[in-house]
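> quick one, what's the 3D model for this:
(one chain, ligands or ions: 1)
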Amino acid sequence: MDEQKLHQIVHEADNVVPRPTPKEFYEKQPRKSLQNLDDYKRMYKESIEQPEKFFGEMAHRFLSWDRDFDHVKWGSLKEGVISWFLGGKLNACYNCVDRFALSTPDKTAVIFEADDEGECRKLSYQQLLFEVCKLAGVLRSWGVKKGDRVAIYLPMTPEAVIAMLACARLGAVHSCIFAGFSTGAIRERIFDADAKVVLTCDEGKRGGRITHTKELLNKALENCPDVEKVLVYKRTGNPEIEMVEGRDYFWQDEVREYPGYIPPVSMDAEDPLFILYTSGSTGTPKGVVHCTGGYLLGAAMTTRYVFDVQPEDILFTAGDVGWITGHTYSVYGPLALGAATIIFEGTPAYPNMGRFWKIIEKNKATHFYVAPTALRMLKKSGEAEISKYDLSTLRTLGSVGEPIAPQIWEWYDEKIGHHCCHVADTYWQTESGSHLIAPLAGAVPTKPGAATLPFFGVDAVIIDPTSGKIQEGNDVEGVLAVRSSWPSMARTVYHCHQRFLNAYLRPYPGYYFTGDGAGRDHDGYYWIKGRVDDVVNVSGHRLSTSEIESVLLANKKVSEDAVVGISDDLTGQAVIAAVQLKDPHIADDEDSLLALRKELRMTVRKSIGPFAAPKSIIIVHDLPKTRSGKIMRRIIRKVCSGEANGIGDTSTMINPEVVDHLIKAVEQQFGVKN
Ligand code: WTA
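Have a look, this model is predicted:
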């Protein structure tokens, strides 16, 4: 994060008066989830002081249980044991599909907006149930049962939603892999989750181009001998797709055999619902595990209270099911409330910059949820496209994934919301399952650029990282942590609870550590400043520096490397790699340097995905290190940002002379002066 800029933003915002939800918001939907700030305060207090009572009632209000729970909250962060709704039994798919297929079968559940504008498909709750049962029938016939892991490598199509729900129906644990990931990343995730079955498609369509989904999967599976079956949805129907006999089957052919009802499997509230891999600052990606009861409640409650989603609403979350936003706010949240969700296959720029607005107008979307990176791009492209469309059905505008600059917030409010919408900057993480800090519609006044106040049950604290002490009161800064568990919190890292403890619960014993820096202003509002570790956030995609580093290191010419994120106007952060070569002369002339950079970038694209490829690669003689041999990424980050004078103390460095070399290399190769 660009700290100076953020300090400035926070400083400027200090004088901002909180803005109430516009009155037009309730002219569009008179039913109020919450009446005012006092409502929020009263409920928040109860959620913290009497979580058993508060969440017990909420769990009954929002979810259908096969068996009632005996205990609401159990365990503690100190012990590393977190349980919610013990003894309770339910099925997530039943809660998201069957109950509405019973009460409102003809109501639209899923609206598919394909990459090609002409292609649109709608599924009612009844049709969704039918499709989910068919797929569950195939999976069950393949022996998939409760607790088995199923990998889903599908782009944003209704099949991704159907796949997740079919797994949930059988009690199988789904592990979605972002469709933008390439071979190495796919393999690693399938391998780690011990998935025996993979659900995918032949090819994808994105931004007018074809993506080679099955081809990439095939390559990844060369090193996953345990995968027994692959179900391939024919999205383009390309006959050239390579199918492995005895392992690969076409979705459309197989489901024909199972046209009947498949009952949902009753799950314990604490049974895992899904695994989602996310990046940390060290090691391989972590398979974050979310459990059925608590996760679903968090998804449903935040979708209702933060966004004010009602059953008649149409939510357009422009995220991807490969990330947590897609899980919670494209699938589980809206469907658990019986609302409709728009699944968009394409990009905001195809066929032109008006695509999002066209989708909103056409479908009369009431809610729009997107990452600031897309807003920055759309703002830059001007207003011509926006003014062509009627966006008056919108009631809530959400932002997620990275800090939203106040100017972007204002633009969103004015140009898209016409000052008639609730604008919610939502702060949360893969690990939190649902919103941690966000303004509740109609109750919490907003401030442009602030995530505002914590959600129910989230006992947020700011800790001074140097002393480890809780910063009481307002006007404080530090790292953000949470004092007690909340229902949708991740329970563990798949087959490695130790990693879970080390990453989240050990840094500040008794607290959940978010990894983010934050400030609390004089109104008690939270301002998120970004990661305090080495996680990089590019266009709202959370990347691990260590994953990129190890891919670069696999190149024979590289002896050592360090990856950092620096501030970028368009993508929020950009990936920069500092690379040390085994033979420093390889890069002596411009042409070979160019070729080497291309080669290294290509390695990352092919292994992890295009979005992870370094924007710049700087060849260095040496990397700055501590006496114990640890690479000091902080120094590289500062120099690449042109802030070498802010490096501070270098007394822990074993090779302080490297700083000057680094400054020179950055200036020569990257054009940044220090
Ligand atoms: C960052 C995405 C500022 C933060 C839902 C967090 C944000 C990481 C915001 C999680 C926000 C997310 N303001 N920063 N509103 N939302 N972040 O797991 O650094 O992909 O730790 O989950 O994104 O990214 P993840």
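
> pLDDT on whichever strand or helix holds residue 276, on average?
If you go by DSSP states H and E, residue 276 is part of strand 272-278. Strand 272-278 shows a mean pLDDT of 97.

> same check on stretch 133-143?
Regarding stretch 133-143, the rounded mean pLDDT is 98.

> in the stretch 101-250 of the chain, which spans are strands?
108-113, 120-124, 149-153, 173-176, 197-201, 204-206, 209-211, 229-233, 248-250 (DSSP state E, counting those that start in this stretch).

> list the residues that contact the closest residue to the ligand within the stretch 301-450 of the chain.
Residue of the stretch 301-450 of the chain nearest the ligand, by C-beta to the nearest ligand atom: residue 430 (3.4 Å). C-betas here are computed from N, CA, C, even on glycine. By C-beta atoms under 8 Å, 6 or more residues apart in numbering, residue 430 lies in contact with 276, 278, 288, 323, 324, 490, 542.

> any idea which of these is closest to the ligand?
Comparing those against the ligand with C-beta to the nearest ligand atom picks out residue 542 as the nearest, at 3.7 Å.

> now the residue lying closest to that closest one once chain neighbours are set aside: how far from residue 287?
Using C-beta to C-beta, 6 or more residues apart in numbering and skipping the chain neighbours, the partner closest in space to residue 542 is residue 279 (5.3 Å). Residue 279 sits 12 Å away from residue 287, going by C-beta to C-beta, to the nearest Å.

> now residue 446
Distance from residue 446 to residue 287, counting by C-beta to C-beta: 35 Å.

> can you give me every residue that contacts residue 627?
Residues in contact with residue 627 (C-beta under 8 Å, 6+ apart) are 652, 653, 654.

> again, 10 Å this time
By C-beta atoms under 10 Å, 6 or more residues apart in numbering, the residues touching residue 627 are 651, 652, 653, 654, 655.

> ok, now residue 301?
By C-beta under 10 Å, 6+ apart, residue 301 lies in contact with 47, 55, 58-59, 61-63, 333, 336-337, 434-435, 455-457, 487-488.

> kindly report the same for residue 416.
Contacts of residue 416 by C-beta under 10 Å, 6+ apart are 356-357, 360, 368, 370, 375, 378-379, 386, 389, 391, 394, 397, 423.

> which ones among those map onto helices?
Among these, the members found in helices (DSSP state H) are 356, 357, 360, 375, 378, 379.

> out of those, who's the most crowded?
Sorting the ones in helices among the contacts of residue 416 by how many neighbours each has (other C-beta atoms under 10 Å) puts residue 356 first, at 27 neighbours.

> which residue, neighbours along the chain excluded, lies closest to it?
Distances taken as C-beta to C-beta, 6+ apart place residue 348 nearest to residue 356, at 5.2 Å, with adjacent residues excluded.

> before we move on, back to that, pretty sure the residue nearest to residue 542 sits against residue 286.
Yes - in this structure residue 279 lies within contact range of residue 286 using C-beta atoms under 10 Å: 7.7 Å.

> give the residues shared as contacts by the two.
430, 544.

> mark which of the contacts of residue 301 are buried, thanks.
47, 55, 58-59, 62-63, 333, 336-337, 434-435, 455-457, 487-488 (16 or more other C-beta atoms under 10 Å).

> redo the contacts of residue 430 as a markdown table? Include neighbour count, distance to the ligand and secondary structure.
Converted to a markdown table, these look like this (neighbours: other C-beta atoms under 10 Å; distance: C-beta to the nearest ligand atom, whole Å; DSSP: H, G, I helix; E, B strand; the rest coil):
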| residue | neighbour count | distance to the ligand | secondary structure |
| --- | --- | --- | --- |
| 276 | 27 | 9 | strand |
| 278 | 19 | 5 | strand |
| 288 | 25 | 8 | strand |
| 323 | 22 | 6 | coil |
| 324 | 27 | 5 | helix |
| 490 | 27 | 10 | coil |
| 542 | 19 | 4 | strand |
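
> enumerate the residues of the stretch 251-400 of the chain near the ligand.
Selection of the stretch 251-400 of the chain residues close to the ligand by C-beta under 6 Å from any ligand atom yields 278, 323, 324, 325, 400.

> do that again at 5 Å, thanks
Taking C-beta under 5 Å from any ligand atom as the contact definition, the stretch 251-400 of the chain meets the ligand at residue 324.

> can you show me the helices along the stretch 251-400 of the chain?
Listed in chain order, the helices found in the stretch 251-400 of the chain under DSSP state H, counting those that start in this stretch are 251-255, 292-305, 324-326, 333-336, 355-363, 372-380.

> for the ones you listed, which one sits closest to residue 514?
helix 324-326 (13.9 Å; C-beta to C-beta).

> ok, residues contacting that closest one?
Under C-beta under 10 Å, 6+ apart, the answer for helix 324-326 is 156, 160-161, 164, 176, 178, 274, 276, 278, 288, 290, 317-320, 332-333, 341, 343, 369-371, 398, 400-401, 426, 428-434, 490, 540, 542.

> redo that, cut-off 8 Å
156, 176, 276, 278, 317, 319-320, 369, 371, 400-401, 428-430, 433.

> what segments of the stretch 451-600 of the chain are strands?
Under DSSP E, counting those that start in this stretch, the stretch 451-600 of the chain gives strands at 460-463, 476-482, 492-493, 512-520, 526-531, 535-538, 541-544, 558-568, 572-581.
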